[in-house]
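Q: This is the structure alone, sequence omitted:
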C-alpha cells in the first residue's frame, strides 16, 4: 500500500492530535481532516498523564498559546479518595521519579518503615519520596530553578488539565492548518469499500474523497473500522463494568482553594467521581455502571457528591440545579485489530478503557507514536499492520489491567456495586486476545504477581502498580523478604529504618520550609499565562 495521502475522519482531540502528529512527522504528505458540524464532541478528556509531554515536545507545542486558548492548568499527581474502603482517606500517584539517597532503594526502604511502624500513614509514602508532594498537598507551585525541591522537574514531572473541546479547536486553528493540513467541513453520508478497504467517502455536499490511508477518529461510532469494515469489538465489560457517566462544568466559588495541582478521583456508591481543575472552572463527573443504578439515581448520587464535604467547597442544591449535566454512554473495550486494510482507528474509535487514570488521550498519543513508526516505511505490508496491531493491543491491554487493579485491590463492600467487585474473579479475560502465537499478553493474575514480585524486590519506579498497591494497603515486606532483598544475613530493618527516616525527615523539613516562598498554583498560572 502506497502512502502519499492520509485522510483523518473526525475532529475533536483525537482527530486534531492525529493531524498534528502526522503533519509534523510527514510534512510532504497530503494530510486532510474531515470535520462534521453535526457530530457533537464528547469533550470530557480534560486530564492527561505525564507522558503527554513527550508528544507536546514532538510537535513543538507553544505552551503560552496552548494555555491561553485551552483554559489549561498543570497537573502533578492523581489523587484517589475512598477507593480502599469507604471513608478510608486518600493516596496519591505522583508524576516523576522519587528522591533517592546513596545506597538506597526508596520504595523498599519506605515499606521497611511501614513494616516496623504500622501506624505510619499511607500519605507518608509520597511525602517521603516525592518533593512535589509538598507542592500539590499545599496547592503551591514552583519551577524549581534553584533546586529547592531536589529532583522535581517541571519539564517531565507535570501533565496538563485543559478544556478538551478548546484543545481540538486550538490544534486545528493554531497548529494544523498553519502547518499545511487541509480542513474540510462536512459530514460523511456514505462510505464505499472493496477488498482493499475504504474506497471513497461521500460527503453531505456530494463531494467524493479518496485517500491512500484513512484514520478513523469518529469516536464510539467507529464509522470506518467498526461500521464499514465490521472489525469485531472485544468488550471488557466483565472486568470493567462502568459504562456510563454524568459530566458537568462547575464554576469556581473559590479558585485559590479549588484550583489544585492534581486530578481527584473519589470512589462513590456505584462508581467514582472525578474533579479536574481548569483555569476558569472545574470539570467534574460521575462514572458508574447501569447494571446497578438507573441514570436518574446516578444523577442524584452525583448531585449529592457535589453538595458533600468531598468537595473543597460544597455546592448548594440551588447552585447545582442551574448546571447543565451531560449524559455519556461509554463503549468499554477495543477492536480486535485497529489497523485493517487502509483504515487505522485512533482514540475512541479504536477502543476505550474508562476515564480512570486519564487513559483516553494517553492511548491517542501512544498509538500515534507507534503509527508514525510504521508509516515511515515506503510501503505498508500486512506484516507492518500486524506488528502495529499486536503492539497497540499489548499496550492497551496492560493499561486495562492496571485500571482493573484499582478495583481488584479495593475492599469496599458498602453497596451492591462494590460487593459485586469483591466477588468478581479476575481471570485471564485479558489474556492472549488474538489466539495467535505472535501475540503473548500475560494473563491478569500473572501480570499482577510478576509486578508484585518485582515490586517487593526492586520496587521499580516505572510501575504505577507500586503507588496503587501501597495506597490500597497491599504490603509485601516482612523479615524473610528483607533478608532476600538485602542479601545480607546481618541486615537489621530497625537500624535501616532509623537511618533513612532521619534522612527523609530532613528532606521533608527542607521542602516544607521552601514552600513559604512559593506562589499558589493559581497565582503562578495567573502571572505566567493569564495576567
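A: Structure received. All figures in this text were calculated on a predicted structure; none of them were measured in a lab.
Q: Tell me the buried residues in the longest helix along the chain?
A: Using DSSP state H, we find that the single longest helix of the chain is helix 382-408. Under the neighbour-count criterion of 16 or more other Cβ atoms under 10 Å, helix 382-408 has 384-393, 396-397, 399-408 buried. For glycine as for every other residue, the C-beta is placed from the backbone atoms N, C-alpha and C.
Q: Tell me how many other residues surround residue 59.
A: 18 (other Cβ atoms under 10 Å).
Q: In terms of pLDDT, where does it sit?
A: For residue 59, the model assigns a pLDDT of 95.
Q: Could you report the distance from it to residue 159?
A: Note on residue 59: its distance to residue 159, by Cβ to Cβ, to the nearest Å, is 16 Å.
Q: one step back: after the longest helix of the chain, next one along is what?
A: Using DSSP states H and E, the helix or strand that follows helix 382-408 towards the C-terminus is helix 416-422.
Q: domains in this protein, as residue ranges please.
A: As given by automatic domain parsing, the domain ranges for the chain are 5-74+161-237+331-402, 96-151+442-517, 244-329.
Q: measure the shortest one end to end?
A: What that stands for is domain 244-329. 5 Å (Cα to Cα, to the nearest Å).
Q: Repeat that for the second one.
A: For domain 96-151+442-517, the first-to-last residue distance is 22 Å (Cα to Cα).
Q: Mind checking the domains of the chain for the one nearest to residue 421?
A: With Cβ to Cβ, the closest approach to residue 421 among these belongs to domain 244-329: 9.9 Å.
Q: How far away from the center of its chain is the closest one?
A: On the basis of Cα atoms, centre = their mean, to the nearest Å, the separation between the geometric centre of domain 244-329 and that of its chain is 18 Å.
Q: And for residue 189, nearest residue in space, chain neighbours not counted?
A: Nearest non-adjacent residue to residue 189, counting by Cβ to Cβ, 6 or more residues apart in numbering: residue 204, 5.2 Å away.
Q: quick one: the one you found from residue 496, how far?
A: Residue 204 is 70 Å from residue 496, by Cβ to Cβ.
Q: more crowded one of these two?
A: Neighbours per residue (other Cβ under 10 Å) separate residue 204 from residue 496, with residue 496 holding more: 18 against 14.
Q: and the helix or strand containing that one, what other elements does it pack with?
A: Under the criterion of DSSP H and E, residue 496 resides in helix 493-514. When contacts are defined as 3 or more Cβ pairs under 8 Å, 6 or more residues apart in numbering; DSSP states H and E, helix 493-514 packs onto helix 106-116, helix 124-129, helix 132-136.
Q: Try it again at 7 Å.
A: helix 106-116, helix 124-129 (3 or more Cβ pairs under 7 Å, 6 or more residues apart in numbering; DSSP states H and E).
Q: For whichever helix or strand comes after that helix, name the packing helices and strands.
A: Sequence-wise, the next helix or strand downstream of helix 493-514 (DSSP H and E) is helix 521-528. If you count contacts as 3+ Cβ pairs under 7 Å, 6+ apart, helix 521-528 packs onto no helix or strand.
Q: what does the average pLDDT come to for helix 521-528?
A: pLDDT averaged over helix 521-528 gives 97.
Q: residues of it that come out buried?
A: Here helix 521-528 shows 521-522, 524-525 as buried, counting by 16+ other Cβ under 10 Å.
Q: Give me the residues contacting that helix.
A: The contact list for helix 521-528 (Cβ atoms under 7 Å, 6 or more residues apart in numbering) reads 73-74, 139-141, 255-256, 259, 261, 279.
Q: Inside strands: which ones of these?
A: Judged by DSSP state E, those include 73-74 as members of strands.
Q: Most widely separated two among the contacts of helix 521-528?
A: 140 and 279 (16.6 Å).
Q: can I assume the residue nearest to residue 189 is in contact with residue 184?
A: No. Under the criterion of Cβ atoms under 7 Å, residue 204 is not in contact with residue 184, lying 11.1 Å apart.
Q: wait, doesn't residue 210 sit right on residue 200?
A: Yes. Residue 210 is within contact range of residue 200, at 5.6 Å (criterion: Cβ under 7 Å).
Q: and residue 307, what does it touch?
A: 314-317, 320.
Q: May I ask which of these has the most neighbours?
A: residue 315 (21 neighbours).
Q: Number of residues surrounding the closest residue to that residue other than its chain neighbours?
A: Leaving aside its chain neighbours, residue 315 sits nearest to residue 306 (4.8 Å; criterion: Cβ to Cβ, 6+ apart). Neighbour count for residue 306, taken as other Cβ under 10 Å: 22.
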